[in-house]
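Visitor: sharing a model that was predicted from the sequence below.
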Amino acid sequence: MKIYLDNAATTRIHPEVLEAMIPVLQHQFGNPSSIHAFGRETRSLIEAARKTVAKLMHASPAEFFFTSGGTEANNTAIRCGIKDLGITHAISSPIEHHAVIHTLEELEKQGIITLSLVKTDSKGHIDLNHLELLLKEHPRSFVSLMHANNETGTITPIEKVGELCRKYKAVFHCDTVQTMAHCHHDLSALPVDFITCAAHKFHGPKGVGFLYVNHRIKIQPFITGGAQERNMRGGTENVYGIVGLAKALEIAYRDFDKDLAHIRELKTYMADRLVAEMPGVTFNGDISAGNLDTVLNVSFPPSEAAEMLLFNLDIAGIAASGGSACSSGSETGSHVLRALNSDPTRPSVRFSFSRFNTKDEIDYCITRLKECFLVKV
Ligand SMILES: Cc1ncc(COP(=O)(O)O)c(C=O)c1O
């Protein structure tokens, strides 16, 4: 049995996405910058994908730029947002993804910005009063706060953050990589300047994403060298990836309610069973309704079994992740769990779900977990 419960790291491709990409890989190979028919054909695929994305997000196609994924989109927003808008102070949090926090720390080291971190509580909620204090002290800051944390699933009320940013004339970048296609984003109402996306988090292909730049904001390209993406990102476009991204987003919105109900049921079922059947289990982050349904971060009591937990799950055919998958294999552990003051002697495993998981898989996983901890099965 092979069970994939690491969907916050990446997801399997949806068969309909693959179906949409294959003809592009097989036949539609023209360079979108070429003016002949082959080029015009692939250019039209890119522009159709942009329109699809923009329509689903309630924004204008001119506000979307395709990238190689979430990391590049975040880097573009942060580096170009700060440089091109002449910003000298940034506000972020200690629980951001490394694509954000390492980028900001580098800019701070280079003396380009000073950086303040907003306080978070033990479940990963942003302290909005502290954010307002920081904004009062440093108006016109660059604020970078993620929508849902990739390790815990705790959601930040980005409407409120956006309103505060507008009040203090700050620029607001929100890393929406984990919530894209899992939450609705209505950009006609959301006060945000930059949001980011990686298609592989919602059954699209890897190596493609987008950056949304609100029309009020004017930045220069991060990657120079060509006039692609209306002079905003040099380099021949990943046409089949872009087609796959738009298709994956379209499917996610089409099946939104059904998939959400299914994923929510799996998460609640697993959490309830763990609490009822495994003594000492707790959860990292906020698992109450209103947080990200795809992620369940479980904290196990310290024991010999716990030390080898991920390894033993892997042997049993279960793929999950300790802390953030993006830094799996790192020796330093999770900066997010540290910021939440999670007990370092308690091992944590992030289980993350998708529409393709089943209740039987959760049952199997719980049986194996109980075996690892010698709980009577
Ligand atoms: C919150 C968050 N931001 C950014 C990224 C980076 O995205 P990508 O792997 O597409 O570069 C990830 C990936 O795990 C993520 O979870």
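Guide: Now that the structure is in, tell me what you want to look at.
Visitor: hey, let's count contacts and neighbours off CA atoms from now on
Guide: Will do.
Visitor: can you pull the residues of the chain lying near the ligand?
Guide: Residues of the chain lying close to the ligand (C-alpha under 6 Å from any ligand atom) are A9, G69, G70, T71, H97, A99, N150, D175, V177, Q178, A198, C326.
Visitor: any chance of the residues you listed in a markdown table, plus neighbour count?
Guide: Shown next, in a markdown table, are the residues of the chain next to the ligand (neighbours: other C-alpha atoms under 10 Å):
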| residue | neighbour count |
| --- | --- |
| A9 | 20 |
| G69 | 22 |
| G70 | 27 |
| T71 | 21 |
| H97 | 24 |
| A99 | 17 |
| N150 | 29 |
| D175 | 28 |
| V177 | 30 |
| Q178 | 27 |
| A198 | 28 |
| C326 | 16 |
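Visitor: and the pLDDT for L266?
Guide: Note on L266: pLDDT of 98.
Visitor: isn't it right next to K359, touching?
Guide: Yes. If you go by C-alpha atoms under 8 Å, L266 and K359 touch, sitting 6.3 Å apart.
Visitor: and these two? Which one has more around it.
Guide: Between L266 and K359, counting by other C-alpha atoms under 10 Å, L266 is the more crowded of the two (24 against 15).
Visitor: by mean pLDDT, flag the weakest helix or strand of this structure.
Guide: Every helix and strand in the chain was compared by mean pLDDT, DSSP states H and E; the lowest is helix 304-307, with a mean of 73.
Visitor: next structured bit after it?
Guide: Next along the chain after helix 304-307, taking DSSP states H and E as the criterion, comes helix 309-315.
Visitor: what residues of that following helix count as buried?
Guide: By 16 or more other C-alpha atoms under 10 Å, the buried positions in helix 309-315 come out as L309, L310, N312, L313, D314.
Visitor: before we move on, what about stretch 169-189?
Guide: 170-183, 185, 187.
Visitor: got the residue ranges for the helices in the stretch 251-377 of the chain?
Guide: 256-277, 304-307, 309-315, 335-339, 359-372 (DSSP state H, counting those that start in this stretch).
Visitor: reformat these as a markdown table; add distance to Q220.
Guide: Listed next are the helices of the stretch 251-377 of the chain as a markdown table, based on distance: least, C-alpha to C-alpha, whole Å:
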| stretch | distance to Q220 |
| --- | --- |
| helix 256-277 | 35 |
| helix 304-307 | 48 |
| helix 309-315 | 43 |
| helix 335-339 | 32 |
| helix 359-372 | 47 |
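Visitor: ranking those helices by mean pLDDT, which is last?
Guide: helix 304-307 (a mean of 73).
Visitor: quick one: it to chain centroid distance?
Guide: Offset of helix 304-307 from its chain centre (C-alpha atoms, centre = their mean, to the nearest Å): 30 Å.
Visitor: pick the most deeply packed of the helices of the stretch 251-377 of the chain.
Guide: Of those, the one with the most neighbours on average (mean count of other C-alpha atoms under 10 Å) is helix 335-339, at a mean of 19.
Visitor: could you say what helices and strands it packs with?
Guide: Helix 335-339 is packed against no helix or strand, with contacts defined by 3 or more C-alpha pairs under 8 Å, 6 or more residues apart in numbering; DSSP states H and E.
Visitor: show me the contacts for L187.
Guide: L187 makes contact with M57, H58, A59, according to C-alpha atoms under 8 Å, 6 or more residues apart in numbering.
Visitor: still on that earlier bit, of all the buried residues of helix 309-315, which comes closest to the ligand?
Guide: Among the buried residues of helix 309-315, L310 lies closest to the ligand (C-alpha to the nearest ligand atom), at 18.5 Å.
Visitor: my guess is the closest one contacts G322. True?
Guide: Yes. When contacts are counted by C-alpha under 8 Å, L310 is listed as touching G322 (7.1 Å).
Visitor: list residues touching both of those two?
Guide: Taking C-alpha under 8 Å, 6+ apart as the criterion, L310 and G322 both touch V349.
Visitor: okay, and the residue nearest to L340 when sequence neighbours are not counted sits in which element?
Guide: Excluding its sequence neighbours, the residue lying closest to L340 (C-alpha to C-alpha, 6 or more residues apart in numbering) is S122, at 4.5 Å. S122 belongs to no helix or strand when assigned by DSSP H and E.
Visitor: residues near S122, how many?
Guide: Quick note: S122 (other C-alpha under 10 Å) scores 15 neighbours.
Visitor: please apply the same query to R346.
Guide: 17.
Visitor: quick one: contacts for it?
Guide: Applying C-alpha under 8 Å, 6+ apart, the residues near R346 are S299, F300, P301, P302, A306.
Visitor: from D175, how far off is the first one?
Guide: Pointing back at S299 there. Relative to D175, S299 is positioned 25 Å away (C-alpha to C-alpha, to the nearest Å).
Visitor: one more: the third one?
Guide: Look at P301 and D175: by C-alpha to C-alpha, they are 32 Å apart.
Visitor: out of the contacts of L187, list just those in helices.
Guide: If you go by DSSP state H, the contacts of L187 have M57 in helices.
Visitor: in PyMOL, how would I select the buried members of the contacts of L187?
Guide: Selecting only the buried entries of the contacts of L187 in PyMOL, with 16+ other C-alpha under 10 Å as the criterion:
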select buried, resi 57+59
